[in-house]
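In: structure of the sequence below:
(one chain, ligands or ions: 1)
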Amino acid sequence: MGKHPLSLAIRNVSKRYANGVQALDNVSLDIPPGMYGLLGPNGAGKSTLMRTLATLQEPDAGQVFLGDIDVVHQKEAVRETLGYLPQEFGVYPKASAEELLDYFAVLKGITNRAVRRETIEALLKQTNLWDKRRQKLGGFSGGMKQRFGVAVALLGNPQLLIVDEPTAGLDPAERVRFLNLLSALGENSVVILSTHIVADVAELCTHMAIINQGRILLEAAPLEAVAALQGRIWRKLTDKQTLPALEQEHRVISAKLLSGRTLVHVYSPEMPGNGFEPVEPDLEDVYFSALTGCLGPAAQQPKAEEVAL
Ligand code: ADP
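Out: Next up, the predicted model:
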């Protein structure tokens with residue numbers, strides 16, 4: 001019998017650093033069990049929120065509950081059921097994966113030797129590191145280190161697992177392997193994946209939030225958010241020089257190079273004309289629509305249908 005899965009409730013959390021940066025501005029989120037994506041550009045406030053959830057720093061205001069546990073005030077209770085893979089984590093380069101995992105298992109309170117051996121074997125197999133268990137961590141690739149970090153984070157069967165920007169430094173093959181590992185975890189616990197890579201969320205997460213400048217712009221199920229953009233995203237292949245003119249006339253959400261030309265996506269509830277063609281929206285369109293204020297709290301302009309009412 002597994003434990004009853006917990007949910008995480010974040011209520012009006014704010015944090016301003018001593019240098020005046022408002023890293024979190026009244027953040028509220030409901031995070032159900034499963035794989036949750038926190039998506040935002042660098043500097044958005046993701047790590048600040050992750051460290052707050054991981055009890056490593058306190059907010060200036062607001063509350064966080066993991067089930068009945070008051071995260072800000074009952075740090076020990078959270079830590080008993082928390083797995084945290086920080087953005088940067090050090091390993092002892094001269095220790096082997098097996099040795100260091102054993103060491104962390106002891107710290108986690110798994111004192112029975114037989115139980116510990118079994119736990120370590122299971123985790124090394126789960127993270128696909130069993131064959132490498134005797135190798136020194138100093139020789140591990142970026143992806144192997146990240147998977148080792150997950151093995152450490154999973155010690156003690158956490159109900160809350162936080163992974164902060166885990167795929168940033170990985171090559172494509174390592175990234176796929178790492179995402180596959182995460183996807184197998186998210187059923188009985190809350191798994192929060194913080195990332196600036198839209199594809200990570202698109203591939204893995206059943207729920208997500210988009211954050212920028214310390215504020216939540218959108219909280220949604222990725223598939224529903226994409227469906228809600230149907231008929232509102234248009235594209236045009238153009239040249240870099242004409243981009244400023246297009247930006248004057250349309251709500252350009254993204255412009256990227258494609259074979260030396262510029263592929264522009266615009267947000268528009270109606271056909272924009274001007275040589276634009278409709279495009280099937282994807283999560284990247286959701287992300288850029290939110291960041292440019294076409295979706296979420298900043299998008300206050302009423303739609304045509306609403307004006308008619
Ligand atoms: P992200 O993880 O999304 O990149 P962070 O939470 O690291 O965002 O940072 C949010 C903002 O807070 C940034 O402007 C960053 O420079 C600032 N910041 C982060 N940590 C500190 C700190 N310890 N002291 C001062 N400012 C910080």
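In: now do the helices in this structure.
Out: 46-53, 75-79, 97-107, 113-126, 142-154, 172-183, 198-204, 222-228, 243-249, 283-291, 304-308 (DSSP state H).
In: redo those as CSV? Include mean neighbour count.
Out: (Each C-beta comes from the backbone N, C-alpha and C, glycine too.) Shown next, in CSV, are the helices of the chain (neighbours: other C-beta atoms under 10 Å):
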stretch, mean neighbour count
helix 46-53, 23
helix 75-79, 15
helix 97-107, 18
helix 113-126, 15
helix 142-154, 22
helix 172-183, 16
helix 198-204, 20
helix 222-228, 16
helix 243-249, 12
helix 283-291, 24
helix 304-308, 8
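In: ok, of the ones you listed, where does mean pLDDT dip lowest?
Out: Least confidently modelled of the helices of the chain is helix 304-308, at a mean of 47 by mean pLDDT.
In: report the separation between the nearest residue to residue 142 once chain neighbours are set aside and the ligand.
Out: In this structure, residue 142 finds its nearest non-sequential neighbour in residue 169, 4.8 Å apart by C-beta to C-beta, 6 or more residues apart in numbering. Residue 169 sits 14 Å away from the ligand, going by C-beta to the nearest ligand atom, to the nearest Å.
In: so residue 169 touches residue 141, yeah?
Out: No - Residue 169 is beyond contact range of residue 141, at 9.9 Å (criterion: C-beta atoms under 8 Å).
In: what is residue 215 paired to in the beta sheet?
Out: Taking DSSP bridges as the rule, residue 215 bridges to residue 212.
In: show me the contacts for it.
Out: Contacts here follow C-beta atoms under 8 Å, 6 or more residues apart in numbering; on that basis residue 215 touches 25, 26, 27, 297.
In: how many neighbours does the second one have?
Out: Residue 26 is flanked by 14 other residues according to other C-beta atoms under 10 Å.
In: check the third one too.
Out: The number of residues packed around residue 27, counting by other C-beta under 10 Å, is 24.
In: next one: the last one
Out: Neighbourhood size, residue 297 [other C-beta under 10 Å]: 11.
In: just give me the residue right at the centre of this structure.
Out: Centroid check for the chain by C-alpha atoms, centre = their mean gives residue 194 as the closest residue, at 2.4 Å.
In: what sits against residue 253?
Out: Residue 253 touches 233, 265, 266, 267, 285, 288, 289, 291, 292, 294, counting by C-beta under 8 Å, 6+ apart.
In: show me which of those is closest to residue 276.
Out: When the contacts of residue 253 are ranked by distance to residue 276 (C-beta to C-beta), residue 266 comes first, at 6.4 Å.
In: in contact with the closest residue to that closest one other than its chain neighbours, which residues?
Out: Distances taken as C-beta to C-beta, 6+ apart put residue 250 closest to residue 266, at 4.2 Å, once the chain neighbours are dropped. Residue 250 is in contact with 266, 268, 272, 274, 276, counting by C-beta under 8 Å, 6+ apart.
In: quick check: residue 250 vs the ligand, distance?
Out: For residue 250 relative to the ligand (C-beta to the nearest ligand atom), the value is 29 Å.
In: got it, and residue 280?
Out: 29 Å.
In: next one: residue 217
Out: For residue 217 relative to the ligand (C-beta to the nearest ligand atom), the value is 13 Å.
In: if I read this right, residue 220 contacts residue 207, doesn't it?
Out: Yes - taking contacts as C-beta under 8 Å, residue 220 lies within contact range of residue 207: 7.5 Å.
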